[in-house]
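**Q** sequence first, then the predicted structure, then my questions.
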Amino acid sequence: MGRRFDDAEGNRPVSADRLDDDHEGNHKPIGDATRVVTAGRRPEWTQGVVNPPVWRASTHLYDTVGDLRAAGGRDTHHRLFYGRRGAPTQWSLAEALTELEPGAEATFLYPSGVAAIAAALLSVLSPGDELLLTDSAYDPTRSMATGLLKRFGISTRFYDPLIGAGIADLIGERTRAIFMESPGSLTFEVQDVPAIVAAAKARGVTTLLDNTWATPLHFRAIEQGVDLSILACTKYIVGHSDVMLGSVTATAPHWRKLRETSFQLGQVVSPDDAWLGSRGLRTMAVRLAHHQASALKIAQWLEGRPEVDRVLHPALPSCPGHGIFTRDFRGSSGLFSFVLVGGGEAARSALIDGLRHFGIGYSWGGFESLAIPVDPGNYRTATRPDFAGPVVRLQIGLEDSDDLIADLAAGLERFAAVRG
Ligand SMILES: *Cc1c(COP(=O)(O)O)cnc(C)c1O
């Protein structure tokens, strides 16, 4: 039994290039929509159906003691060994995510995006090291740095997300890693990832990127030089607001350390959740295209409204880092913020509370629209965002954009009535 899924390539994950080879072995790139449909569907994992089945197991059985010892005595990647190492359901999703990041070597899955961030950071950092962390980072990432990492003797310095090549001046003797999030998921500054990566490489510093907003379809993190690309798969991979899931995709020099750390931390994703992740992934290209078009239309409409001071959307020229966005990204997604003109908490709540088509709740990336108040100033330490009024973050779902615009128009009138 243990031999059944042996990796023909000596336990190395299959590289993303494999799918691009035609029958004669010639290199011929395929499109993103084709890739999300086909990626990770090895026949030995799908067993004759389209999506990999849910492969529930803790114990794997062997024919003999000899087989059992042989399985444990070797590298156990892509081998049935024990439930914690996963089975074809998880391997298929992980391999699909690797295939979406050209140049990547392997992907590991985690029970949430935050768990993925923790495993990635712990695979790179040791006591005495310093982490450079973007000031625009997702708040739980900040808390991990200032809490858990600090407790284990790792210090953090926060940097301005617009620092670009200037990051070189912050890299010191103890700096081991730079953690980027681009765009920032509340304020949407786009970072100059290639410039930061170049400065890091010159000093032997590892780079990590939270790529949740763009996904590998709209920002190819590994191709841009990032060492570890992190996704909260909870968002666009799953796409239906019903599963928590995370991933880290790594380059060749980093994947073994990441795997060792993940195994030692005991990280494993249930096959049901991995299966739902695979199921979501198959439609991600078409979902993302709708999220992108609808969000952009709504963002542009908001820009023309007198109640709105600024719209923070990377595809709009008014967004910090927009030039970098047009240079490096292949598209945008459905999440952005807007800044109101004046008003306070009561006026902002009047806008949000009465919305009919937007849920009020955390997370994003599902098929349904969401609206929340955000107060980015509360989190920052290296930079001070200066906004003319309260900020609202929208996740634009797959509804008709005209319905969402009408809903927001009524909301802005409620806002203006309370603000006076
Ligand atoms: C949601 C989110 C995370 C964390 O993912 P979970 O699956 O909720 O733990 C990390 N980074 C960003 C940018 C996110 O939006």
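**A** Nice, thanks for sending it over.
**Q** tally of neighbours for the residue in the stretch 301-420 of the chain that the ligand sits nearest to?
**A** Scanning the stretch 301-420 of the chain for the residue nearest the ligand gives Ser363, at 5.8 Å (criterion: Cβ to the nearest ligand atom). Using the backbone N, CA and C atoms, a C-beta is placed for each residue, glycine as well. Neighbourhood size, Ser363 [other Cβ atoms under 10 Å]: 16.
**Q** check the secondary structure at it for me.
**A** coil (DSSP: H, G, I helix; E, B strand; the rest coil).
**Q** distance of the residue lying closest to Gly344 once chain neighbours are set aside from Arg348?
**A** In this structure, Gly344 finds its nearest non-sequential neighbour in Pro390, 6.7 Å apart by Cβ to Cβ, 6 or more residues apart in numbering. Distance, Pro390 to Arg348, using Cβ to Cβ, to the nearest Å: 4 Å.
**Q** and the residue in the stretch 201-350 of the chain that the ligand sits nearest to, what does it touch?
**A** Nearest residue of the stretch 201-350 of the chain to the ligand (Cβ to the nearest ligand atom) works out as Ala232 at 3.0 Å. By Cβ atoms under 8 Å, 6 or more residues apart in numbering, the contact set of Ala232 is Ser112, Gly113, Val114, Ala116, Asp210, Thr212, Leu245, Gly246, Gly365.
**Q** among those residues, which are located in helices?
**A** The members of those that map onto helices under DSSP state H are Gly113, Val114, Ala116.
**Q** might one say that the last one is in contact with Tyr110?
**A** Pointing back at Ala116 there. Yes - counting by Cβ atoms under 8 Å, Ala116 touches Tyr110, with 4.1 Å between them.
**Q** would you map the strands across the stretch 301-420 of the chain?
**A** For the stretch 301-420 of the chain, strands defined by DSSP state E, counting those that start in this stretch occupy the ranges 308-312, 335-340, 358-359, 369-374, 391-395.
**Q** likewise the chain?
**A** 106-110, 130-134, 155-159, 175-181, 206-210, 228-232, 246-250, 308-312, 335-340, 358-359, 369-374, 391-395 (DSSP state E).
**Q** packing partners of the longest one?
**A** Under the contact criterion of 3 or more Cβ pairs under 8 Å, 6 or more residues apart in numbering; DSSP states H and E, strand 175-181 touches helix 113-124, strand 130-134, helix 193-202, strand 206-210.
**Q** export the ones you listed to a markdown table and append columns for mean neighbour count.
**A** Shown next, in a markdown table, are those (neighbours: other Cβ atoms under 10 Å):
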| stretch | mean neighbour count |
| --- | --- |
| helix 113-124 | 24 |
| strand 130-134 | 24 |
| helix 193-202 | 19 |
| strand 206-210 | 27 |
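**Q** up against the ligand, what does the stretch 201-350 of the chain have?
**A** Asp210, Thr212, Ala232, Thr234, Met244, Gly246 (Cβ under 6 Å from any ligand atom).
**Q** identify the farthest-apart pair in those residues.
**A** Greatest spatial distance among those (Cβ to Cβ): Asp210 and Met244, at 15.8 Å.
**Q** picking up where we left off before, list just the nearest of the ones in helices among the contacts of Ala232 to Ser143.
**A** Ranked by distance to Ser143 (Cβ to Cβ), the ones in helices among the contacts of Ala232 are led by Val114 at 9.3 Å.
**Q** grab the nearest non-local neighbour of the closest one.
**A** Pro140 (5.1 Å).
**Q** tell me who's in contact with the closest residue to the ligand within the stretch 1-150 of the chain.
**A** Residue of the stretch 1-150 of the chain nearest the ligand, by Cβ to the nearest ligand atom: Gly113 (2.2 Å). Contacts for Gly113 (Cβ under 8 Å, 6+ apart) come out as Thr212, Ile230, Leu231, Ala232, Cys233, Thr234, Lys235, Met244, Leu245, Gly246.
**Q** just the pLDDT at the fifth one, thanks.
**A** It stands for Cys233. In this prediction, Cys233 carries a pLDDT score of 98.
**Q** pretty sure it sits against Ser247.
**A** Yes - assessed by Cβ under 8 Å, Cys233 is found in contact with Ser247 at 5.3 Å.
**Q** what helices and strands are in contact with the lowest-mean-pLDDT helix or strand in the chain?
**A** Taking mean pLDDT, DSSP states H and E as the measure, the chain has helix 65-72 as its least confident helix or strand, at a mean of 86. Judged by 3+ Cβ pairs under 8 Å, 6+ apart, helix 65-72 is in contact with no other helix or strand.
**Q** please state the offset of it from the chain centre?
**A** 37 Å (Cα atoms, centre = their mean, to the nearest Å).
**Q** would you map out the domains in the protein?
**A** Per automatic domain parsing, the domain ranges recorded for the chain read 19-281, 284-419.
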